[in-house]
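Undergrad: Sequence and predicted model, in that order:
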Protein chains: 2
Amino acid sequence: MKNTDRHTGTSERVPTLADVAREAGVAISTASRSFTNPPRVNARTRERIVEAADRLGYRPNALARALESGRTRTVGLVVSDITNPHFFGLIRGAEQQAATAGYTLVLADTRQSPERELEVIARISSFVDGFILAASRLPTDKLSAKIDNKPVVLVNRQVPGVPSVVTDHVDGPRHVVEHLHSLGHRRLVFLGGPRQSWSGAMRWNAVRERATTLGMEASLLGPFPPSIEGGPAAADAALGAGATAVIAHNDLLAIGALRRFAERGVGIPEQVSVVGFDDIFGSDFCTPPLTTLAGPLEMVGRSAVDLVLAADRPNRGELIPQLTAPAHLVIRSTTGPAISPA
Amino acid sequence: MKNTDRHTGTSERVPTLADVAREAGVAISTASRSFTNPPRVNARTRERIVEAADRLGYRPNALARALESGRTRTVGLVVSDITNPHFFGLIRGAEQQAATAGYTLVLADTRQSPERELEVIARISSFVDGFILAASRLPTDKLSAKIDNKPVVLVNRQVPGVPSVVTDHVDGPRHVVEHLHSLGHRRLVFLGGPRQSWSGAMRWNAVRERATTLGMEASLLGPFPPSIEGGPAAADAALGAGATAVIAHNDLLAIGALRRFAERGVGIPEQVSVVGFDDIFGSDFCTPPLTTLAGPLEMVGRSAVDLVLAADRPNRGELIPQLTAPAHLVIRSTTGPAISPA
DNA sequence: CTGAAAGCGCTAACAC
DNA sequence: GTGTTAGCGCTTTCAG
């Protein structure tokens, strides 16, 4: 018994194509065709088959179908931390685009560990038609355009030869620095996230470069856990460094830092300006509302799915799409004029 | 070509069990056994087989395996709105428990629509070993302990005969009312969520009942969309009703209302007390921090997975587990003494 | 302990 | 237009 009637809970078998064919008095292949290639079967017989099918409550077994075709109409989304609101927009966008295309999302969490990432990929590999690796922590040499012959698309990470979509990590961070500069800040500090974070590294690079150009002092602190919990230590470090402006690896860290600043009686933005990245849920209603570099995460999720699906189709030549989504600075209440030098 | 070598991107076939068997000079069945039933094959030959397998980079095709066994080691989590932070804890807990048991989560979003819910269930049905339906919007008669002969577990909804796990929807809401009562409130308003929300209905029931017992006036407003965007209208309605205390269907709605109150210059909690449900991400750092009834969502997610895995195992008799997770009131800064009657 | 062979449910040539 | 048949990759009797 591997097979019973839906909804009833009784132990009758779930009907297969064979049952339908028998019921309709045709061969299995004909029954199959009336679902996969309707024009190639007589309208009348097809009608009979379809009737038989829903009389029996038949539904094709996607697994069996997939075994043959090699396609499951499923894409795997692998995130480094399912808990991080940063990914919500991504997940949502990916889910929507997948659903629109008739695909299903398989979600997996690596909890920041490269080993788990590999495991998880192996675990879902035979079920998915392709992978989206978001914020992958895998070493570069483990990353390629195909894993188990299935297309992979990177999100917020670029590796030569692998399709990817990232939110702008050059101009965006620069704007952040310029914004701070225009407010009169001259000493800034970057609150770093995980060492293996590609986007974190890019952000810091761009920030440092721009700061230097503008004659600002910039230094890197951390690494800190990219979470609210990481905030207090980061805030304290920032204060210790005597900066008037702090740029956090992400909004979570920024929000955590905000709290600590409040606790220590540091006025935001009067004494210190802070800016985050991502514009996550909550950034607009924390206290004070956070200035942050927003990326179109939903769009990124959607594009990633598109790329996987496109890669799955033949004939796209050897072009490796590497998309960059624009980021824009959302100025709220955590940035203000620098305190005049004491 | 449905099959190429992993990582290389070349078009070599992904090795199958047949390749391994050939390489090791044994029959397919022996190769199969050394993975699924090691004791039943000679240690030496098994070693040869295993070696051959990883020389070739063999990995079993879970699909083929599933076709035979009927088990995919996958559970489907169907949520009504993937965007709602309320579900994050649930998703996270479910993912963790699934991963621990060697299972994979398949996530699907119904966007609040019963029709989409049915579609989505159909779409993932052949891929999953069981379903978790969170906040299902399906009519009662569509819900049963098995769908397509696969176990279903309801989250935050109870239907006779169907296993479920809910967060406490009786004592919890009562405590909320008692809390408000003890602060001197006598007129409260409940900001209702979607009509089909089972938990919403339960909450309002418990609230009304308790309020009546305590001699408080309580009325139901709404329905409002259970989102931040729904907040302003809800807040205005609450003000119009002249209540001193408002209980919102969920935190999202409460946070949205908070904003509107601030805009309108209504002091929280001086003029109006507000409480939400769920203790979502952000409830602790919105302004003011929200008093809310927190449920152990992660635990709920974990339990739900446990229940579907358990239901999948035979011999658990005919007991239908209906679990209730305790809720607890988290008092923060949106509740305070009632204004003295003018 | 190992091999041959029959499927799992469905699709896709290839006949007729 | 419809039926026959050979698999997809793997597990599982059933023999030897």
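TA: Alright, I've got the coordinates.
Undergrad: Quick check, A:Val153 in contact with A:Ala134.
TA: No: look at A:Val153 against A:Ala134 with CB atoms under 8 Å: they stay out of range, at 9.4 Å. Quick note: C-beta positions are derived from backbone N, CA and C, even for glycine.
Undergrad: number of nearby residues for A:Thr287?
TA: Neighbour count of A:Thr287, defined by other CB atoms under 10 Å in any protein chain shown: 17.
Undergrad: overlap in contacts of A:Val153 and A:Ala134?
TA: Residues touching both A:Val153 and A:Ala134 (CB atoms under 8 Å, 6 or more residues apart in numbering or on different chains): A:Ala304.
Undergrad: Nearest residue to the closest residue to DNA strand D within the stretch 101-250 of chain A in space, please, no chain neighbours.
TA: When scored by CB to the nearest atom of the strand, the stretch 101-250 of chain A has A:Ser126 as its residue closest to DNA strand D, at 8.3 Å. The shortest distance from A:Ser126 to any non-neighbouring residue, by CB to CB, 6 or more residues apart in numbering or on different chains, is to B:Ala62 (3.9 Å).
Undergrad: go on, A:Ala108?
TA: In space, and not counting its chain neighbours, A:Ala108 is closest to A:Val120: 4.4 Å by CB to CB, 6+ apart.
Undergrad: so where does the one you found fall, helix or strand?
TA: Per DSSP states H and E, A:Val120 falls inside helix A:114-125.
Undergrad: Give me every residue in the stretch 101-250 of chain A that's in contact range of chain B.
TA: Taking CB under 8 Å from any CB of the partner chain as the measure of proximity, the stretch 101-250 of chain A contacts chain B at A:102, A:104-109, A:120, A:122-127, A:142, A:144-149.
Undergrad: Please spell out the ChimeraX selection for the buried subset of the residues you listed.
TA: A single ChimeraX command selects the buried members of those (16 or more other CB atoms under 10 Å in any protein chain shown):
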select /A:104,105,106,107,108,109,120,123,124,125,126,127,144,145,146,147,148,149
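Undergrad: Go through the residues of the stretch 101-250 of chain A next to chain B and flag which are in strands.
TA: Counted as lying in strands by DSSP state E, out of those, are A:104-109, A:146-147.
Undergrad: Max pairwise distance over the residues you listed: which two?
TA: Longest distance between any two of these is 22.7 Å, between A:Asp109 and A:Lys146; criterion CB to CB.
Undergrad: Burial check on A:Ser227, number of neighbours?
TA: Residues lying near A:Ser227 (other CB under 10 Å) number 16.
Undergrad: Contacts only, for it.
TA: A:84, A:252-253, A:256.
Undergrad: rerun that using 6 Å as the cut-off
TA: By CB atoms under 6 Å, 6 or more residues apart in numbering or on different chains, the residues touching A:Ser227 are A:Leu252.
Undergrad: Next, give phi and psi for it.
TA: Main-chain dihedrals, A:Ser227, degrees, to the nearest 10: phi -140, psi 170.
Undergrad: Please read off the pLDDT at it from the model.
TA: The confidence metric pLDDT takes the value 94 at A:Ser227.
Undergrad: and if you look at A:Met1?
TA: Looking at A:Met1, its pLDDT reads 37.
Undergrad: For A:Ile331, which non-adjacent residue is closest in space?
TA: Excluding the flanking residues, the one nearest A:Ile331 by CB to CB, 6+ apart is A:Thr291, at 5.0 Å.
Undergrad: go on, A:Val207?
TA: Nearest residue to A:Val207, sequence neighbours excluded (CB to CB, 6+ apart): A:Pro173, at 4.9 Å.
Undergrad: in the helix or strand hosting the one you found, what's buried?
TA: A:Pro173 is part of helix A:171-182 when elements are defined by DSSP H and E. Across helix A:171-182, burial judged by 16+ other CB under 10 Å covers A:171-181.
Undergrad: same thing with stretch A:195-204?
TA: By neighbour count on 16+ other CB under 10 Å, the buried set for stretch A:195-204 is A:196-204.
Undergrad: Using CSV, list the CA coordinates for that stretch.
TA: Taking C-alpha atoms only, stretch A:195-204 is exported to CSV below (Å, rounded to 0.1, in the frame of the first residue of the first chain):
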residue,chain,number,x,y,z
ARG,A,195,34.2,37.4,6.9
GLN,A,196,32.9,35.3,4.1
SER,A,197,30.3,37.7,3.1
TRP,A,198,31.0,38.7,-0.5
SER,A,199,28.6,41.6,-0.4
GLY,A,200,30.0,42.8,2.9
ALA,A,201,33.5,42.9,1.4
MET,A,202,32.3,44.8,-1.6
ARG,A,203,30.5,47.3,0.5
TRP,A,204,33.5,48.0,2.6
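Undergrad: residues in contact with that stretch?
TA: Residues outside stretch A:195-204 that contact it (CB under 6 Å, 6+ apart): A:137, A:156-157, A:169, A:173, A:190, A:193, A:220, A:223, A:249.
Undergrad: from the buried residues of stretch A:195-204, which single one is nearest DNA strand C?
TA: Checking the buried residues of stretch A:195-204 one by one against DNA strand C (CB to the nearest atom of the strand), the nearest turns out to be A:Trp198, at 39.0 Å.
Undergrad: Could you find the closest non-adjacent residue to A:Ala218?
TA: Take A:Ala218 and drop its neighbours on the chain: the residue closest to it by CB to CB, 6+ apart is A:Ala211, 3.7 Å away.
Undergrad: Could you check the angle the helix or strand hosting the one you found makes with helix A:171-182?
TA: Assigned by DSSP H and E, A:Ala211 belongs to helix A:198-213. For helix A:198-213 against helix A:171-182, the angle by axes from the mean of the first three to the mean of the last three CA atoms, to 10 degrees is 40 degrees.
Undergrad: any idea which element A:Val75 lies in?
TA: For A:Val75, the host element (DSSP H and E) is strand A:74-79.
Undergrad: average model confidence for that strand?
TA: 95.
Undergrad: Ok, stretch A:260-276 next?
TA: 97.
Undergrad: closest point of the stretch 151-300 of chain A to chain B, which residue?
TA: Going by CB to the nearest CB, chain B is nearest to A:Gly282 of the stretch 151-300 of chain A, at 3.9 Å.
Undergrad: That concludes my questions; thank you for your assistance.
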